[in-house]
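Asker: Here is my input, please return the structure:
(one chain, ligands or ions: 2)
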Amino acid sequence: MNYKDYLSIAPEIQEALEQGKPVVALESTILSHGMPYPENVEFASAVEVVVRKEGAIPATTAIIGGKLKVGLTKDELEIMCKAEDVGKVSRRDVAVYLATGKTGATTVATTMMIAALAGIKIFATGGIGGVHRGAQETMDISADLQELAHTPVCVVGAGCKSILDIGLTLEYLETMGVPVLGYQTDDFPAFYSRKSGFGVDYNIKDAAEAAKILKTKWDLGLEGGALIGNPIPEEYALDFDEMEKVINKALDMAKKDGIRGKATTPYLLAHIKELTDGVSFASNLQLAYNNAKVASQISVELSKLK
Ligand code: PSU
Ligand code: MN
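Answerer: Numbers count the residues shown, from 1 in each chain. Ligands and ions are numbered 1, 2, ... in the order given. Got it, this is the predicted structure:
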C-alpha cells in the first residue's frame, strides 16, 4: 500500500500522534453539506476550540488537491464551508477525487477511513448515516455502517440522524458486530431528542470506561469500530413527536421533489431547518459540540492506556 503518498497530516497532529497524545477526528461533510454558510464557519472553529479545551487536538479531514488532509488551515476550512464545487465524498468516491484533484467533503465513512490511515482512534460527528426509511424498497443504506463494521475508529454521535429508520439501523449494526454504547444513557439517542425508544447494548458510565472498552476490543483484534450514542444536552433537546411531524413533512417534500441517493441527507437537513425556523439547527450545533467534548475526553483517557 502506498497510501502515505496521499496522506497530508498537519505538523501539529503528526507530532501529537507520534507522541501518543490525544487527537480527535472531525468530518467536513457536516460543514459543506450539513450546515449553511456562514454559520458553519463559526461552528468549524468553535468545535476545534471545544476539542482543545479538553486537552485533545482536533483533526478535521477533507480531500483537497489530491491529498487526504488531516487537519485543515483556516483557509481550507473556509473552502469547505463555502462549499463551492465541493463534493460529498463517500468511500466509493475517494479514488476519483484524489486522482482528479477535486475538492471533497468527507462523510462519516471517509473520515473514519482517513482517521484510521493516520492512526486516529476517536472521531466526533453530529449523527451517523444509517438505514433510511423505506430502505426496503430504495436500498438506501449509508456507507457509514459498513465503515463502522470494518474500520477501527470509535465514532461519538448523538445517535443516528433521526430522519433514518433507527430500529433498522441498530439491527444492521448488530449484524455487523458493531458495539452500540450509550454515554450515560440506556436509550439510544435520536439526534434532536435524548431518547429514541430503542436501547443501547451498554450504558457507559464515563470516558475512562469507554476507553477501556475500546482498548479491549482492539487488543482482541476485533475488526471495526464502535458507536457511542451521546444524548443532546437536556436544555437543547427537542420533542421527539414534534420532530417526527417535521421529519415526515420533509420526507414528503423529498419524495415530491424526486430526491434520491446522496442528495437525500443534505436535502432533509436543510428542509428540517427551514420547517423549524432554525430551531433544529441550533440543536444540531449544540449536540455536535457536546459530541466533540465527550470524544475528546475519551481520547484523553485512551491515550493514558496506551
Ligand atoms: N449528521 C449530521 N449532518 C450531516 C451528516 C450527518 O448531523 O451532514 C452527514 C455525515 O457526513 C454522514 C452523511 O456521514 O451525512 C451520511 O450521508 P448518507 O446518508 O448519504 O450516507
Ligand atoms: Mn445514502
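Asker: List the backbone torsions phi and psi for Ile64.
Answerer: phi -140, psi 130 (degrees, to the nearest 10).
Asker: cool, and the one 4 residues further on?
Answerer: Dihedral pair for Leu68: phi -80, psi 110, per degrees, to the nearest 10.
Asker: Can you report how many residues lie near it?
Answerer: Here the count is done by other Cβ atoms under 10 Å, and Leu68 has 23 residues near it. All C-beta spots, glycine's among them, are computed from the backbone N, C-alpha and C.
Asker: Could I get the contacting residues of Leu117?
Answerer: Remark: with contacts taken as Cβ atoms under 8 Å, 6 or more residues apart in numbering, Leu117 is in contact with 3, 7, 68.
Asker: ok, of these, which one's closest to ligand 1?
Answerer: Leu68 (15.6 Å; Cβ to the nearest ligand atom).
Asker: That closest one and Thr61 touch, don't they?
Answerer: Yes: Leu68 is in contact with Thr61 according to Cβ atoms under 8 Å; the separation is 7.1 Å.
Asker: For those two, list the residues in contact with both.
Answerer: Overlap of the contact sets of Leu68 and Thr61 (by Cβ under 8 Å, 6+ apart) consists of Ile114.
Asker: Quick check: residues of the stretch 151-300 of the chain near ligand 1?
Answerer: For the stretch 151-300 of the chain, the residues in contact with ligand 1 (Cβ under 6 Å from any ligand atom) are 161, 262, 265, 269, 284.
Asker: mind listing the helices for the stretch 51-200 of the chain?
Answerer: Here the stretch 51-200 of the chain has its helices, by DSSP state H, counting those that start in this stretch, at 74-82, 94-100, 108-118, 135-138, 143-150, 166-175.
Asker: next one: the last one to chain centre, how far?
Answerer: Spelled out, that is helix 166-175. Helix 166-175 has its C-alpha centroid displaced from the chain centroid by 17 Å (Cα atoms, centre = their mean, to the nearest Å).
Asker: Kindly report the residues of the stretch 1-150 of the chain close to ligand 1.
Answerer: Counting by Cβ under 6 Å from any ligand atom, the residues of the stretch 1-150 of the chain close to ligand 1 are 27, 29-30, 33-34, 107-109, 126-127, 129, 142-144.
Asker: Appreciated, that's everything.
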